[in-house]
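Visitor: Sequence plus the predicted model coming up.
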Amino acid sequence: MKIRIFDLTRQYQILKDQLEPAVEAQMAGGSFIMGDAVHKFEESFAAYIGVKHAIALNSGTDALLISLRALGIGPGDEVITTPFTFFATVEPIVNVGATPVFADVNPDTYNIDPASIERKISSRTKAILPVHIFGQPAQMDEILRIAKQYGLKVIEDACQAVGSEFGGKKAGSLGDVGCFSFFPTKNLGAFGDGGMITTNDDRTETLCRAYLQHGMGQNGAKALSYLTGAPDELEGTAAPTGLYNPYKYFNYLVGYNSRLDALQELGDPLVALRLERVLLLDDLAVADLLLRHFLAEPGFDFAAPLVGNGLHLDLACETHFPATNRCLSVAYNRE
């Protein structure tokens, strides 16, 4: 029997009376990319996470990519992350020209081990990218201490962790930036791909908004000024709402087309964020037992963590991670 890891059709049947009128209203309004619905969702999400800025975009993968670029990570730099994660955590590091360096995990939590992070720091290390795996936050107090000691940026991969907390603060509010995914199977899912970047830094917000939309407009001009120190020559020449807005026709940076479709953020944005109940499996033995039970069923869908799916071979990275391999043995029911 095929056991589906997630059944979106059941969810749709429960919510369709709320969803269908919202879809029709959005279609009738003719606003399909970004727009008021997305802006309202950004405001609600920022308030929920407890940060100054939330920047909506098309995926969690691009959230990581654009965050890395906004923080100045590029060729010659190293980013320390976990090998027990999905492919998309490391893909953006490689795509900005940096080198991923893997630190082993804590076998009790499956999260990156701060002690292993510290051993991997070199003169080329520029950032730490912890993953809050399965929604359980990494040991952020120690990670932030290490980052401060060595002058490193912290990018939280919170793609599975909307609503999770560490020390009374939401995941995505602890590092320099937080990155979220709204892929349909995530704990806050959209109608397709979607993502969000969270930050308290004005400069980072401007750079992210510029990069996600072709480096154009006022965000592009301001971002270029941040990066080069050159003044914005168009500042004050036209109101943003004027009939002719010269910012609209200028591209200041080479960016991406990472805008979020308006259909992903329909209805009252707060509805999706009313997390009335969070189930925490404090007993990891119970979690292991459940995982073993489902993996034993024929046809169960399971995505291999990064260290188990071959990417490290292409990058010529270290492959020996004792704690990670023990976690994989549990995940694949080999113990």
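Guide: Okay, I see it.

Visitor: If we go by neighbour counts, what in stretch 183-199 is buried?
Guide: 183, 186-191, 193-199 (16 or more other Cβ atoms under 10 Å). C-beta: built from backbone N, CA, C; applies to glycine.

Visitor: Quick one: end-to-end length of that stretch, please.
Guide: 21 Å (Cα to Cα, to the nearest Å).

Visitor: Just confirm residue 161 contacts residue 140, I think it does.
Guide: No: counting by Cβ atoms under 8 Å, residue 161 does not reach residue 140; the two are 11.1 Å apart.

Visitor: okay, these two: which has more neighbours?
Guide: More crowded of residue 161 and residue 140, by other Cβ atoms under 10 Å: residue 161, with 28 against 22.

Visitor: show me the contacts for the more buried one.
Guide: 132, 135-137, 171-172, 180, 187 (Cβ atoms under 8 Å, 6 or more residues apart in numbering).

Visitor: Which one of these is nearest to residue 97?
Guide: Nearest to residue 97 among the contacts of residue 161, counting by Cβ to Cβ, is residue 180 at 24.1 Å.

Visitor: How about the closest one: which residues does it bridge to?
Guide: Counting by DSSP bridges, residue 180 forms beta bridges with residue 196.

Visitor: That one: neighbouring residues, count only.
Guide: By other Cβ under 10 Å, 30 other residues sit near residue 180.

Visitor: any idea how far the residue nearest to residue 90 when sequence neighbours are not counted lies from residue 61?
Guide: Spatially, and ignoring its direct neighbours in sequence, residue 90 is nearest to residue 100 (4.8 Å; Cβ to Cβ, 6 or more residues apart in numbering). Between residue 100 and residue 61 the distance is 14 Å, computed by Cβ to Cβ, to the nearest Å.

Visitor: so where is this protein shaky, pLDDT-wise?
Guide: Scanning the chain for pLDDT under 70 picks out the ranges 1-5, 26-27, 29-35, 233-246, 258-335.

Visitor: ranges for the helices of it?
Guide: Ranges of helices within the chain are 8-29, 36-49, 60-70, 91-95, 114-120, 140-150, 202-212, 217-228, 284-295, 311-315, 322-331, based on DSSP state H.

Visitor: can you give me the angle the third one makes with helix 217-228?
Guide: Which is helix 60-70. Interaxial angle of helix 60-70 relative to helix 217-228 (axes from the mean of the first three to the mean of the last three Cα atoms, to 10 degrees): 50 degrees.

Visitor: now the angle from helix 60-70 to helix 202-212?
Guide: Computed by the same axes, to 10 degrees, the angle between helix 60-70 and helix 202-212 is 120 degrees.

Visitor: re the thing from before, distance-wise, check the residue nearest to residue 90 relative to residue 49.
Guide: Residue 100 is 26 Å from residue 49, where distance means Cβ to Cβ.

Visitor: Can you show me the strands along the stretch 51-200 of the chain?
Guide: 53-57, 78-81, 99-102, 125-129, 153-157, 165-166, 169-170, 177-181, 195-199 (DSSP state E, counting those that start in this stretch).

Visitor: Just list what the second one packs against, helices and strands only.
Guide: What it means is strand 78-81. When contacts are defined as 3 or more Cβ pairs under 8 Å, 6 or more residues apart in numbering; DSSP states H and E, strand 78-81 sits against strand 99-102, strand 125-129.

Visitor: Let me have those strands in JSON lines, adding distance to residue 148 and mean neighbour count as columns.
Guide: Converted to JSON lines, the helices and strands packed on strand 78-81 look like this (distance: least, Cβ to Cβ, whole Å; neighbours: other Cβ atoms under 10 Å):
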{"stretch": "strand 99-102", "distance to residue 148": "19", "mean neighbour count": "21"}
{"stretch": "strand 125-129", "distance to residue 148": "11", "mean neighbour count": "24"}
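
Visitor: Same list (those) but as TSV, adding distance to residue 16.
Guide: Shown next, in TSV, are these (distance: least, Cβ to Cβ, whole Å):
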stretch	distance to residue 16
strand 99-102	42
strand 125-129	38
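
Visitor: Those: which one's closest to residue 215?
Guide: Nearest to residue 215 among the helices and strands packed on strand 78-81 is strand 125-129 (21.9 Å), distances taken as Cβ to Cβ.

Visitor: Partner strands of that closest one, with direction?
Guide: When DSSP bridges is applied, strand 125-129 pairs with strand 78-81 (parallel), strand 153-157 (parallel).

Visitor: and those strands as TSV, adding distance to residue 14?
Guide: Putting those into TSV (distance: least, Cβ to Cβ, whole Å) gives the following:
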stretch	distance to residue 14
strand 78-81	36
strand 153-157	29
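
Visitor: and those strands, which is most packed in?
Guide: strand 153-157 (a mean of 27; mean count of other Cβ atoms under 10 Å).

Visitor: what does that strand contact?
Guide: Contacts of strand 153-157 (Cβ under 8 Å, 6+ apart): 60, 64, 67-68, 71, 73, 79, 81, 85, 89, 126-132, 140, 143-144, 147, 171-172, 174-179.

Visitor: What separation is there between the spatially closest residue to residue 124 that is not a sequence neighbour and residue 248?
Guide: For residue 124, ignoring the flanking residues on the chain, the nearest one in space by Cβ to Cβ, 6+ apart is residue 78 at 4.5 Å. Distance of residue 78 to residue 248, given as Cβ to Cβ: 38 Å.

Visitor: again with residue 39
Guide: Counting by Cβ to Cβ, the gap from residue 39 to residue 248 is 18 Å.
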